[in-house]
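Visitor: just to be clear, the model below is a prediction. Sequence and coordinates:
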Amino acid sequence: MLKPKARKDLVFRKEEEGAFLFNPDDGAIKVLNGVGAFIWQLLDGKNTTEKICQQLEKNFSDEKVPQLKKDFEAFLAELQKMRLLESK
C-alpha cells in the first residue's frame, strides 16, 4: 500500500482558507486550498492513500466521492512531479 510522505524540509504555513508550501531548495511556493492543506497534513508516511481518501470522504462529504478520489490522485501526482514528496 502506498503511504505518501511530505518532505520534512519544506515550510508549511497554514492559513485560514488553505496553506502555503515553500521549497527552500528552489524558492518555489505552492498555494494549497483547504482540501489540499488537509491532505498535506495527512502525508506523514503512515497513512495509506486509502485511509486519506476515507478521511476526505468523512470531512468533505458534500463532494462527490468519485471526484474526490480523482482529485486526490491528481494532487498527489502534482506533488510528486514538483518533488514535494519524499521518494522511497
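Guide: Thanks, I have it.

Visitor: so what touches the top helix by length along the chain?
Guide: The residue-count maximum for a helix in the chain (DSSP state H) belongs to helix 65-81. Here helix 65-81 makes contact (CB atoms under 8 Å, 6 or more residues apart in numbering) with 4, 6, 35-36, 39, 43, 49, 52-53, 56-57, 60, 85. Just so you know, the C-beta spots here come from the backbone N, C-alpha and C atoms, and that holds for glycine as well.

Visitor: hmm, try it at 10 Å
Guide: 2, 4, 6-7, 21, 30, 32-33, 35-36, 39-40, 43, 49-50, 52-53, 56-57, 59-61, 63-64, 84-85, 87 (CB atoms under 10 Å, 6 or more residues apart in numbering).

Visitor: show me these that map onto strands.
Guide: 21, 30, 32-33 (DSSP state E).

Visitor: now the buried members of the residues you listed.
Guide: Buried by 16 or more other CB atoms under 10 Å: 21, 30, 32, out of these.

Visitor: which of the contacts of helix 65-81 fall in helices?
Guide: Using DSSP H, the contacts of helix 65-81 in helices are 35-36, 39-40, 49-50, 52-53, 56-57, 59.

Visitor: next, the distance between the ends of stretch 41-54.
Guide: 14 Å (CA to CA, to the nearest Å).

Visitor: buried residues in it?
Guide: Buried, per 16+ other CB under 10 Å, within stretch 41-54: 43, 47, 49, 52-53.

Visitor: chain center to it, what's the gap?
Guide: 9 Å (CA atoms, centre = their mean, to the nearest Å).

Visitor: then stretch 16-30?
Guide: The answer for stretch 16-30 is 12 Å, by CA atoms, centre = their mean.

Visitor: what is the least confident helix or strand in the protein?
Guide: For the chain, scoring each helix and strand by mean pLDDT, DSSP states H and E identifies helix 65-81 as the least confident one, at a mean of 89.

Visitor: thank you kindly, that will do.
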